[in-house]
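Chemist: Sequence first, predicted coordinates after that:
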Amino acid sequence: MLYYFLYPLHVEFIGFNVFKYITFRTFGCLVTSLVLYLLLGKIFVKFMRQWQVIQRIRDDGPQSHLTKAGTPTMGGILILGCVGLSTLLWMNLASSYTWLALLLLVFLGVVGFFDDYRKLIYGSSKGLPGRYKLLCQTAITLIIGYYLFSEIPFDTSLSIPFFKDFHPDLRWGYLIIMVFVIVGASNAVNLTDGLDGLATGPLVMSFATYGVLSYIAGHSIIAAYLQVPYQPGAGELSVLCGSVVGACIGFLWFNTYPADIFMGDVGSLSLGGILGLTAILTKNEVLLAIVGGVFVLEAVSVITQVVSFQLTGKRVFKMAPIHHHFELKGWKEPKVIVRFWIISFILSLVAMMTLKLR
Ligand code: 57M
């Protein structure tokens, strides 16, 4: 919005010229959402506690989690509020990619809210049935895909790291990739959010990485130099990524061990979904498997455990997702969390290195 109202004034005052630069608006957006969460977080936690918006702890989980009973949840509501407000303030209102991401963020946020709300009113850890969540996630992804293919000339070819000349055009088959990436990322982040800050740290690193990748994809000269697909308009997604990084760092101030508040499905489903969409819109779909490697590891651990248990009656891990396995091996919660953050940081560096190794 500031770009829309202030940039034209640069003819009067040259200083407003900065609003043209995506880098300036990304930084401004990050600082805005970070400061907003830091200013509002404490009163939000107090409000959620007063209204008894607290987490139901499953009794079949690690015993150490029982002490978490009574912790406020749905901190994701304020994350979405900070991201939405700061993005509207700093975005280019003509950016259809940013509007699509905000639509997905709100839609999945509503789905997650109902999941958290059901847990609250029925007093159990069982929220919305998984199939309903999956249906909603798939439906919104297909709607976004149909819009992309019919309204915007969207590149339906697949980009694979290290294979710079191999871009198979999947045409409408690309919708399958979109569903797999967006729905997969949404649920993987949801599964990962099982320890204090465990999902928040990798979300900060993943969105920071995709903020850089978005800027590169939207810059014709840099994209050509690095031999990555040029995606006109993708650069604006850096601004949205900046707002998510800022809001999640602000949230982490309260979600770090021992957490004052959990993000809830309202946060994990929505943030995971737009991480997947950002990967799609910047043509870095496969790279998400590296950048979001921690999320992939958590989801694969669950799939492995469920399949093994159903086929053989035996568990591969002491408990899935894999963060519970390390807890039951005797690792204290902070040790599991920070080690997963370190892995996420290393994977982000590896992902950035693939830019040169094309
Ligand atoms: C999402 N939710 C946390 C919080 C957070 C198929 C199966 C693997 C599904 C999976 C599952 O139910 N996952 C749901 C994970 C929950 O966190 C809430 O959910 C939101 C995110 N969606 O924001 O509101 C618990 O996680 C802990 N937590 C923290 N700090 C945080 O900052 O400590 C969360 C955020 C919270 C709190 O205890 O209550 C969750 O774990 O449910 N199921 C599981 O993950 C369960 N694993 C399991 O059933 N394994 C079986 C299956 C695979 C056969 C097995 O291994 O044999 C475990 N999770 C828990 N208890 N808590 C075990 C049962």
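Modeler: Looks like it arrived, so ask away. Worth saying up front: this structure is predicted, and the values here are computed from it rather than measured.

Chemist: Let me know the distance separating the residue in the chain that the ligand sits nearest to from Thr138.
Modeler: Going by CB to the nearest ligand atom, the ligand is nearest to Gly61 of the chain, at 2.5 Å. No exception for glycine: its C-beta is placed from N, CA and C like everyone else's. Noted for Gly61: a distance of 28 Å to Thr138, by CB to CB, to the nearest Å.

Chemist: The residue of the chain closest to the ligand: what's it in contact with?
Modeler: Neighbouring residues of Gly61 by CB atoms under 8 Å, 6 or more residues apart in numbering: Met319, His324.

Chemist: Shouldn't it be within a helix?
Modeler: No - counting by DSSP: H, G, I helix; E, B strand; the rest coil, Gly61 is not found in a helix; it is coil.

Chemist: so what's Ala259 closest to, chain neighbours aside?
Modeler: Leaving aside its chain neighbours, Ala259 sits nearest to Asp196 (4.0 Å; criterion: CB to CB, 6 or more residues apart in numbering).

Chemist: neighbours of that neighbour, just the number please.
Modeler: 23 (other CB atoms under 10 Å).

Chemist: can I assume it is in contact with Glu333?
Modeler: Yes - if you go by CB atoms under 8 Å, Asp196 and Glu333 touch, sitting 6.5 Å apart.

Chemist: what touches both of the two?
Modeler: Tyr257.

Chemist: which residues touch the closest residue to Gly293 other than its chain neighbours?
Modeler: Sequence neighbours aside, Leu347 is the residue nearest to Gly293 in space, at 4.1 Å (criterion: CB to CB, 6+ apart). Neighbouring residues of Leu347 by CB under 8 Å, 6+ apart: Ile290, Val291, Gly292, Gly293, Val294.

Chemist: would you list those in TSV and tack on neighbour count and pLDDT?
Modeler: Formatted as TSV, the contacts of Leu347 follow (neighbours: other CB atoms under 10 Å; pLDDT from 0 to 100):
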residue	neighbour count	pLDDT
Ile290	19	97
Val291	28	98
Gly292	32	98
Gly293	19	98
Val294	27	98
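
Chemist: Quickly check these for the two that are furthest apart.
Modeler: Ile290 and Val294 (10.5 Å; CB to CB).

Chemist: which residues of the stretch 201-350 of the chain fall in helices?
Modeler: 220-226, 237-255, 265-281, 288-291, 293-312, 322-328, 333-353 (DSSP state H, counting those that start in this stretch).

Chemist: now the stretch 51-200 of the chain
Modeler: Listed in chain order (using DSSP H, counting those that start in this stretch), the helices of the stretch 51-200 of the chain are 76-90, 96-122, 130-151, 174-192, 200-217.

Chemist: deepest of those helices, which one?
Modeler: helix 200-217 (a mean of 26; mean count of other CB atoms under 10 Å).

Chemist: elements contacting it?
Modeler: helix 22-50, helix 220-226, helix 237-255, helix 265-281, helix 288-291, helix 293-312, helix 333-353 (3 or more CB pairs under 8 Å, 6 or more residues apart in numbering; DSSP states H and E).

Chemist: And the pLDDT at Arg358?
Modeler: pLDDT recorded at Arg358 is 61.

Chemist: circling back to that earlier point, what does the pLDDT read for the residue nearest to Ala259?
Modeler: Reading off the model, Asp196 has pLDDT 98.

Chemist: which ones are touching it?
Modeler: Asn255, Thr256, Tyr257, Pro258, Ala259, Glu333, Pro334, Ile337.

Chemist: got those as CSV, with neighbour count columns?
Modeler: Below are these laid out as CSV (neighbours: other CB atoms under 10 Å):
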residue, neighbour count
Asn255, 27
Thr256, 15
Tyr257, 14
Pro258, 11
Ala259, 22
Glu333, 21
Pro334, 14
Ile337, 22
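
Chemist: sorry, back to before: same list (the contacts of Leu347) but as JSON lines, adding distance to Leu237.
Modeler: As requested, those are arranged in JSON lines below (distance: CB to CB, whole Å):
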{"residue": "Ile290", "distance to Leu237": "18"}
{"residue": "Val291", "distance to Leu237": "14"}
{"residue": "Gly292", "distance to Leu237": "16"}
{"residue": "Gly293", "distance to Leu237": "21"}
{"residue": "Val294", "distance to Leu237": "21"}
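
Chemist: and the stretch 101-250 of the chain, which residues reach the ligand?
Modeler: Ser125, Asn190, Leu191, Asp193, Gly194, Leu195, Asp196 (CB under 6 Å from any ligand atom).

Chemist: Tell me, please, where in the protein the pLDDT is lower than the cut-off.
Modeler: Low-confidence segments of the chain, defined by pLDDT under 70: 125, 358.

Chemist: wait, Leu240 sits on Leu103?
Modeler: No - look at Leu240 against Leu103 with CB under 8 Å: they stay out of range, at 11.8 Å.

Chemist: any shared contact partners between these two?
Modeler: In contact with both Leu240 and Leu103: no residue, using CB under 8 Å, 6+ apart.

Chemist: So what would you say the end-to-end distance of stretch 311-318 is?
Modeler: 17 Å (CA to CA, to the nearest Å).

Chemist: buried set for that stretch?
Modeler: Across stretch 311-318, burial judged by 16 or more other CB atoms under 10 Å covers Phe317.

Chemist: List the contacts of stretch 87-95.
Modeler: 1-4, 25-26, 28-29, 32-33, 98, 102, 233, 236-237, 239-240, 242-243.
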